[in-house]
Structure formats: C-alpha cells, structure tokens
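S.K.: After the sequence you'll find the predicted model.
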Amino acid sequence: MLTRRTISSFMAACGLALAFCAGGSADAQEFVYRGKAANGPTVDEYLKQVGPEARFVAHGSLTIDGKRMNCGKRPTVLNPNFDSWGGAFPGFLILNIKKIAGLTTQVKLYVYSHECGHQFIGADELKADLFAIRRGVKWGWLDAHGIEEICTFISKLKGDAVHPPGPTRCKLMRNRFRELTDGTAQRASSAPPSGARMLGPPY
C-alpha cells in the first residue's frame, strides 16, 4: 500500500520548488511526477491518502466554468488541499479548486490543459505550455485577451531547476499563439470538436 511518506517522497524527489510571490505569500507552482510511471501512485491510492475532501471526476465529466474538458481518458482529482493550482501523476490530473477559483476562465483552462500536456509529452514544462496553447486555439477557448491573462498569471512566477522563469514562458506562449492564429479569425466553437476526445501530437 502506498503510504503518506511515500507520496511525500515522490513530491520531494520531483522538485516541487517554484514559488509564486504575490502579496507576500509563497505557494508551490506545480507538482509533476518525474519518476518512473510504474512507481507512481494510482488514482485510488492517491485518493485514499489525501482524504475525504478530495473528489474523483471521471474522464469526460469535468466542467470548468461551464466548459466541458477532458484529457483523453484520464480522470481528474479535485483536491482543495493540494499545494498548488494543479499537478499531474501518470494517468490522472489534480486541480486545487480553491486556488483556481480566483483565476479567469481562460487561465483555469490553461492550468488544466498544461497538466494534461504532461500526460502526453512528459515532464517538460515548456512543451506542456505549448500543448496548452495549441489546445486552447484548436478548441476555441483561447483568444488574444486570454493569452495576455495567462502571461499576467505566469509572469509572476520565478524559475527553478525545472521551470523556466515566467516571462520566458510567456514569450514562448505568445509566439506560439501568434503562429497558430496567424492573424486570422479563430474558431467560434467554445467546446472541443466532437472527434477530439484523444489529442494527437502536440505540435
């Protein structure tokens, strides 16, 4: 059985270090499991350890501000006591519903999509950012105003051994957004296309 100490050691080993400095507070930005997938907890093991406040949301059932989201067939755990806005273990995502509550809709969708990106492309933070931007444009929920909201959010974050500084990430995401939109009108749809349950390669 997975112990609380084991989960703590997973988190320590994976470099949960980036601080968010706003109003004198310092919160961990994100947890991504960087060990071998076979050694990570299952979603059931994770739920047993985090306690009754966490809620399991089956794939295809998650809505964020009225927008239905999915990450292939991966479920989401809503954990109000999680250290950061979101996180990812192999096979499932984590969202802290208290922390994301004050974010704008497009930033919330970015956080979720960034964590989803880790499921497809691994631990690379920049690739997960670009995955989220591609998804936002493809699915129609990300516009020019939204990319600026994301940049305002991310630019407050300092870098560490695994996360580049927020302004660097913002610049790359802005560039990718411009490449994808190319000055043309974006899709009007605010929901994923009907055939988009499983995403293809992020680029």
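M.R.: On my side now, so go ahead.

S.K.: Downstream of the helix or strand containing Glu115, the next helix or strand is which one?
M.R.: In the assignment (DSSP states H and E), Glu115 maps to helix 105-121. Sequence-wise, the next helix or strand downstream of helix 105-121 (DSSP H and E) is helix 125-139.

S.K.: Helix 105-121 and that following helix, what's the angle between them?
M.R.: Helix 125-139 and helix 105-121 are oriented at 120 degrees to each other (axes from the mean of the first three to the mean of the last three C-alpha atoms, to 10 degrees).

S.K.: Quick check: mean pLDDT of the helix or strand following helix 125-139?
M.R.: The helix or strand immediately downstream of helix 125-139 is helix 144-154, counting by DSSP H and E. Averaging pLDDT along helix 144-154 yields 97.

S.K.: and the next helix or strand after helix 144-154, what other elements does it pack with?
M.R.: Per DSSP H and E, the first helix or strand lying C-terminal to helix 144-154 is helix 166-181. Judged by 3 or more C-beta pairs under 8 Å, 6 or more residues apart in numbering; DSSP states H and E, helix 166-181 is in contact with helix 125-139, helix 144-154. (C-beta placed from N, C-alpha, C; glycine too.)

S.K.: Out of those helices, indicate the one that is most buried.
M.R.: Among those, the stretch with the highest mean neighbour count (mean count of other C-beta atoms under 10 Å) is helix 125-139, at a mean of 22.

S.K.: My read is that His118 contacts Asp129, right?
M.R.: No: using C-beta atoms under 8 Å, His118 is not in contact with Asp129; the gap is 10.5 Å.

S.K.: isn't there a strand covering Asn56?
M.R.: That one is not Asn; residue 56 is Phe. Yes: counting by DSSP: H, G, I helix; E, B strand; the rest coil, Phe56 is found in a strand.

S.K.: wait, doesn't it sit right on Pro75?
M.R.: Yes: judged on C-beta under 8 Å, Phe56 makes contact with Pro75 at a distance of 6.2 Å.

S.K.: quick one: common contacting residues for those two?
M.R.: Taking C-beta atoms under 8 Å, 6 or more residues apart in numbering as the contact rule, Phe56 and Pro75 both touch Val43.
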